[in-house]
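*Asks:* A predicted structure for the sequence below; I have some questions about it.
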Amino acid sequence: MSENLKFETLLLSQEDIKNLITMKDVVEIVDKTFQGLGEGTVINPTKVNLDLGETADYPSYKGFMNAMPAYVGWLDSAGIKWAGGFLGERRELGLPYVTSMILLIDPKIGNFKAAMDGAHITNMRTGAQAAVCMKYLHKEKNIKIGLFGAGMQGHTQTMAMAEVFDIEELRVYDINKAASLKFAEDMKDVVKGEIIVCDTQEEAAKGDVIVCFTQSKDKFIKDEWIKPGMVLLPMGSYQECEDNFILNADKLIVDHIGQCMHRGALAELSEKGKITEAHIYSTIGEIACGKKVGRESDKERILCLPIGTGAMDIAVATVAYQKAIEKGFDKKFVFA
């Protein structure tokens, strides 16, 4: 019987995925998956990093790739994302920073159900993570945002925030002012309030939340800029804020403790032994499922660090796959 059994793998392009899922879908999926992480029904091992010159001397390709497997219980789906970012030659060719593919399997028998582009899913779920985090850390419907980085993920973050909140004001700063101006034009129908293109970093560091989507290795966010009641979401791969803010924040909240101690805002202080897992107040999942309280005081200064988990990608990819099957997509391949 097994010799004659053939399994088809559905192939989905980036354009297919754009036509299958909306930001509203992704926000809901990310929220449910955070809850699953908190409940223990989502399994998300720490990502495995391959340094291709992002920080290493060899090879010198100015990039990295991550292997990010996960099982998502509420969808009974498993898979892996193979994703990374490249500067160097990739940027010279005019290609997007992010490159990614996702493979889905049937967790019962291991056959590959789908192979699809992962870049659009990565951008969408990364934006949605910021919005879902703020759902649990900001109690009002209106929100003021300070945004650093006017690229693709700055766009998707704004789209996601607009699904959860009414954006009363959005201040944007990018080292390339033309990018900020384009962002303001692109997002004028998404943001209900005013979009302010800022000339300085300090001018942009105002609001209920500061969101950073940059590739900067400078600790440009000053401790004194984060006023009582504010949240900082540093989404970049490096430390975008001063040590003092991390060490003095009222709460440190992360999406995945293992990953966040080794990449992003906490990595350097963790390596020096100044931040340990004991300093982490909660995961986002524990707050989302009700095990912990998010904001307890209007005066708390909170660092929230959702640097990204494979579970989010697998969840979004699975819903895209389900919708593709429902709509009769037939680009399939039999690998074996």
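*Replies:* Sure, I can see it.
*Asks:* Provide a list of residues in contact with the closest residue in space to residue 138 that isn't next to it in sequence.
*Replies:* Once flanking residues are discounted, residue 138 sits nearest to residue 208: 5.7 Å by C-beta to C-beta, 6 or more residues apart in numbering. Every residue, glycine included, has its C-beta placed from N, CA and C. Listed by C-beta atoms under 8 Å, 6 or more residues apart in numbering, the contact set of residue 208 reads 134, 138, 140, 143-145, 229-231.
*Asks:* among those, which are in strands?
*Replies:* Under the assignment DSSP state E, the contacts of residue 208 contribute 143-145, 231 to strands.
*Asks:* Look up which helix or strand residue 252 falls in, please.
*Replies:* strand 251-254 (DSSP states H and E).
*Asks:* What segments of the stretch 51-200 of the chain are helices?
*Replies:* Applying DSSP state H, counting those that start in this stretch to the stretch 51-200 of the chain gives helices spanning 88-92, 119-137, 152-164, 177-186.
*Asks:* Quick check: residue 300 touching residue 232?
*Replies:* No - using C-beta atoms under 8 Å as the test, residue 300 is too far from residue 232 to be in contact (11.7 Å).
*Asks:* quick one, which of these two is more surrounded?
*Replies:* Each of residue 300 and residue 232 has its neighbours counted (other C-beta atoms under 10 Å); residue 232 has more, 24 against 17.
*Asks:* Which pLDDT does the model give the more buried one?
*Replies:* For residue 232, the pLDDT comes out at 98.
*Asks:* That one against residue 246, yeah?
*Replies:* No - between residue 232 and residue 246 there is no contact under C-beta under 8 Å: 9.1 Å.
*Asks:* so what's in contact with these two at the same time?
*Replies:* Common neighbours of residue 232 and residue 246 (C-beta under 8 Å, 6+ apart) are residue 303.
*Asks:* thinking again about what came up before, out of the ones in strands among the contacts of residue 208, which comes closest to residue 280?
*Replies:* Minimum distance to residue 280 across those is 15.7 Å, recorded for residue 231 (C-beta to C-beta).
*Asks:* Would you mind listing the residues in contact with the closest one?
*Replies:* Contacts for residue 231 (C-beta under 8 Å, 6+ apart) come out as 133-134, 137-138, 208-210, 301-304.
*Asks:* Same check on residue 82?
*Replies:* Counting by C-beta under 8 Å, 6+ apart, the residues that residue 82 touches are 65-68, 100-103, 118.
*Asks:* repeat for residue 102
*Replies:* Per C-beta under 8 Å, 6+ apart, neighbours of residue 102: 79-82, 114-118, 121, 313-314, 317.
*Asks:* Could you turn the buried ones of those into a ChimeraX selection?
*Replies:* Of the contacts of residue 102, the buried ones go into a single ChimeraX selection, burial set by 16 or more other C-beta atoms under 10 Å:
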select :79,80,81,82,114,115,116,117,118,121,313,314,317
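*Asks:* can I get the contacts of residue 102 in CSV with pLDDT and distance to residue 218?
*Replies:* Converted to CSV, the contacts of residue 102 look like this (pLDDT from 0 to 100; distance: C-beta to C-beta, whole Å):
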residue, pLDDT, distance to residue 218
79, 98, 35
80, 98, 33
81, 98, 29
82, 98, 29
114, 98, 40
115, 98, 38
116, 98, 35
117, 97, 32
118, 97, 29
121, 96, 29
313, 98, 29
314, 98, 33
317, 98, 34
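*Asks:* Among the contacts of residue 102, which lie within strands?
*Replies:* Among the contacts of residue 102, DSSP E puts 79-82, 114-117 in strands.
*Asks:* How many neighbouring residues does residue 328 have?
*Replies:* By the criterion of other C-beta under 10 Å, residue 328 has 6 neighbours.
*Asks:* Also residue 41?
*Replies:* Residue 41 has 15 neighbours, counted by other C-beta under 10 Å.
*Asks:* what about it, distance to residue 114?
*Replies:* Distance from residue 41 to residue 114, counting by C-beta to C-beta, to the nearest Å: 22 Å.
*Asks:* picking that back up, which pair in the ones in strands among the contacts of residue 208 has the greatest spatial separation?
*Replies:* The most widely separated members of these, counting by C-beta to C-beta, are 144 and 231 (11.2 Å).
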